[in-house]
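Engineer: Build me a model from this:
(one chain, ligands or ions: 1)
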Amino acid sequence: MADLEKRNPGEVEYLQAVREVLASIEVIYNQNPQFEKSGIIERLVEPDRILTFKIPWVDDQGNVQVNRGYRVQFNNALGPYKGGLRFHPSVNLSILKFLGFEQIFKNSLTTLPIGGGKGGADFQPKGKSNAEIMRFCQAYMMELWKIIGPETDVPAGDIGVGGREIGFLFGMYKKLTNNYSGVLTGKGLAWGGSLVRPEATGFGAVYFVQEMMATRKDTMQGKKVAVSGFGNVAWGAVKKLDQLGAKVITLSGPDGYVYDKEGISGNKIDYLLELRASNEDIIEPYARQFKSSTFTSGKRPWEVPCDIAMPCATQNELDQADAQNLVNNKCSCVCEVANMPCTPDAVETIQHNGLLYAPGKAANAGGVAVSGLEMTQNAMKLHWPAEEVDSRLHEIMRAIHASCVLYGKRPDGYIDYAKGANIAGFLKVANAMLDQGVI
Ligand code: GLU
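Structural biologist: Residues are numbered from 1 along each chain as shown. A predicted model of the protein is given here:
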């Protein structure tokens, strides 16, 4: 870690993600001298390559805008680089390296043949017109196409990149390469997409919570759930929670959170799609639309008493004070649905108090898992029905849960899912790297 800190000064999120993984795999690593002899850690923490590039584009007023684009190809021991693209003003190399690093282990856990990567740009989609988003996506792909391909690197969505953006990116890739292939996932159904991909991250996380609850002989029925965010991931989670008889009571945006005492179900769930399409990135309109809810400005939902907390927004959105609030309010389960939404001291507080805790790299792996299934369908040039995709997703989430239990169960019976996920994800990648030699 000391060496890594020296070589990557100021990359706070990246160092946080690596520190967490290294701490959990220490014992396993020391039991296998081969890992050290082959420099597995030193090779694993250094991305295979990083492309950064200029994205010039013209806005609706005719002004030239310049953004910075990235693709981090982190590790391809298990398959082509695979991971989303994030368009958000906060995007920098530290954030993309943390996301790419997490993606290696997450993708390993899915049991599918996919390596780890991540990309994006410091672009602000908020307030942009559809035409501006299209021109930006096209300009981004003008550089990215050179290093991606269906057997090389397969990007997808993340924050700020949904079905609309994947469409514009795919169109430009096809034009530049004269090649119609499954080079991106999260595509539209008519042009190579998979059923259940939009819902997959949220559905998968709820299946994971179900498995965790079952270890304590409990179910989702009647549970009050606090959810943060209101984008694609939150939407999928709310939909599945509602189907299983849980009551979702909160959602949030960068502007604050809404508390809906009657629960978020039916047309309220569909309304999230409208909110998202508006490009405004605020949750406050929800409270104006539905009278059963109240809006609290500038706060996060973790002060609301709940049985289960599901952070679905972004990294480090739940800190130690929030975790303490959840503990005090008798919350029994925290499931990370975003990538690394809990700060390290929040995780410590949650686990120390015996709550069920699922790390994002295990619980949110359903999204990339169905991306992997989309790649399979593209390779076979056919479509699976929704039931088939959903049942495979369910099976994958059960398998990830079982791996976490296998490597994370403590002698006192408490399951350290973070440790279990890190060890299970790491072992597969490390052994593949050993097999493939020093490259
Ligand atoms: N961005 C998602 C993630 O964090 C999905 C990536 C993908 O489908 O490739 O896992």
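Engineer: ok, the closest residue to the ligand within the stretch 51-200 of the chain - contacts?
Structural biologist: As assessed by C-beta to the nearest ligand atom, the ligand sits closest to residue 84 within the stretch 51-200 of the chain, at 2.7 Å. Where you see a C-beta, it was placed from the backbone N, CA and C, and this is true even at glycine. Applying C-beta atoms under 8 Å, 6 or more residues apart in numbering to residue 84 gives the contacts 99, 118, 119, 120, 155, 156, 157, 158, 161, 368.
Engineer: Does the helix or strand harbouring residue 68 pack against any helices or strands, and if so which?
Structural biologist: Assigned by DSSP states H and E, residue 68 belongs to strand 64-75. Other helices and strands packing on strand 64-75, by 3 or more C-beta pairs under 8 Å, 6 or more residues apart in numbering; DSSP states H and E, are strand 49-58, strand 81-87, helix 93-109, strand 116-121, helix 130-144, strand 153-157.
Engineer: could I have the last one exported to CSV, CA atoms only?
Structural biologist: This means strand 153-157. Output of strand 153-157 as CSV, limited to C-alpha atoms (Å, rounded to 0.1, in the frame of the first residue of the first chain):
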residue,chain,number,x,y,z
ASP,A,153,-13.2,-4.7,-24.6
VAL,A,154,-17.0,-4.4,-24.2
PRO,A,155,-18.2,-1.2,-22.5
ALA,A,156,-21.7,-0.6,-21.2
GLY,A,157,-23.6,2.0,-19.1
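Engineer: and that strand, which residues are buried?
Structural biologist: Neighbour counts over strand 153-157 (16 or more other C-beta atoms under 10 Å) mark 153, 154, 155, 156, 157 as buried.
Engineer: now swap in the second one and tell me
Structural biologist: Using 16+ other C-beta under 10 Å as the burial criterion, the residues of strand 81-87 that qualify are 81, 82, 83, 84, 85, 86, 87.
Engineer: Extract the C-alpha set from it and format it as CSV.
Structural biologist: Extracted in CSV, the C-alpha atoms of strand 81-87 (Å, rounded to 0.1, in the frame of the first residue of the first chain):
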residue,chain,number,x,y,z
TYR,A,81,-12.2,-6.1,-20.6
LYS,A,82,-15.8,-5.4,-19.4
GLY,A,83,-17.3,-2.5,-17.5
GLY,A,84,-19.4,0.6,-17.9
LEU,A,85,-18.9,4.1,-19.0
ARG,A,86,-19.6,7.0,-16.6
PHE,A,87,-20.5,10.5,-17.8
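Engineer: which residues touch stretch 158-176?
Structural biologist: 83-88, 99, 118, 120, 123, 125, 130, 133-134, 137-138, 140-142, 144-145, 148, 155-157, 179-180, 183-188, 191, 193, 198, 231-232, 276, 314.
Engineer: immediately after the helix or strand harbouring residue 387, which helix or strand?
Structural biologist: In this structure, residue 387 sits in helix 386-408 according to DSSP H and E. Using DSSP H and E, the helix or strand that directly follows helix 386-408 along the chain is helix 417-436.
Engineer: Can that following helix be said to contact the ligand?
Structural biologist: No: contact of helix 417-436 with the ligand (C-beta under 6 Å from any ligand atom) is absent, the minimum separation being 12.9 Å.
Engineer: which other helices and strands contact that helix?
Structural biologist: Other helices and strands packing on helix 417-436, by 3+ C-beta pairs under 8 Å, 6+ apart, are helix 12-31, helix 33-37, helix 40-44, helix 93-109, strand 356-358, helix 360-363, helix 386-408.
Engineer: Could you pull out the buried residues of it?
Structural biologist: 417-430, 432-434.
Engineer: Give me the contact list for it.
Structural biologist: 20-21, 24-25, 28, 32, 34-35, 38, 40, 43-44, 75, 77-78, 104-106, 108-109, 212, 347, 351, 356-359, 361-362, 400, 403-409.
Engineer: buried subset of the residues you listed?
Structural biologist: For the contacts of helix 417-436, a burial check counting by 16+ other C-beta under 10 Å picks out 20-21, 24-25, 28, 32, 35, 38, 40, 44, 75, 77-78, 104-106, 108-109, 212, 347, 351, 356-359, 361-362, 400, 403-405, 407-409.
Engineer: who wins for proximity to the ligand among the helices and strands packed on helix 417-436?
Structural biologist: Using C-beta to the nearest ligand atom, the nearest of the helices and strands packed on helix 417-436 to the ligand is helix 93-109, at 6.0 Å.
Engineer: Distance from the chain centre to that closest one, please.
Structural biologist: Taking C-alpha atoms, centre = their mean, to the nearest Å, one finds helix 93-109 lying 9 Å from the centre of the chain it belongs to.
Engineer: on contacts alone, who are the packing partners of it?
Structural biologist: Counting by 3+ C-beta pairs under 8 Å, 6+ apart, helix 93-109 packs on helix 12-31, strand 49-58, strand 64-75, strand 81-87, strand 116-121, helix 360-363, helix 365-380, helix 417-436.
Engineer: Tell me the residues of the stretch 101-250 of the chain that contact the ligand?
Structural biologist: Counting by C-beta under 6 Å from any ligand atom, the residues of the stretch 101-250 of the chain close to the ligand are 156, 158, 185.
Engineer: wait, residue 312 sits on residue 225?
Structural biologist: No: the criterion here is C-beta atoms under 8 Å, and residue 312 misses it with residue 225 at 10.7 Å.
Engineer: all helices for the stretch 101-250 of the chain, in order.
Structural biologist: Applying DSSP state H, counting those that start in this stretch to the stretch 101-250 of the chain gives helices spanning 130-144, 163-177, 197-214, 232-243.
Engineer: Distance to residue 93 and mean pLDDT for these - can I get that in a markdown table?
Structural biologist: Listed next are the helices of the stretch 101-250 of the chain as a markdown table, based on distance: least, C-beta to C-beta, whole Å; pLDDT from 0 to 100:
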| stretch | distance to residue 93 | mean pLDDT |
| --- | --- | --- |
| helix 130-144 | 16 | 98 |
| helix 163-177 | 21 | 98 |
| helix 197-214 | 24 | 98 |
| helix 232-243 | 23 | 98 |
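Engineer: Count the neighbours of the nearest residue to residue 99 once chain neighbours are set aside for me.
Structural biologist: Spatial nearest neighbour of residue 99, excluding adjacent residues (C-beta to C-beta, 6 or more residues apart in numbering): residue 118 at 4.2 Å. Neighbours of residue 118 under the rule other C-beta atoms under 10 Å: 31.
Engineer: and what of residue 395?
Structural biologist: 13.
Engineer: can you check residue 163 too?
Structural biologist: By other C-beta under 10 Å, 15 other residues sit near residue 163.
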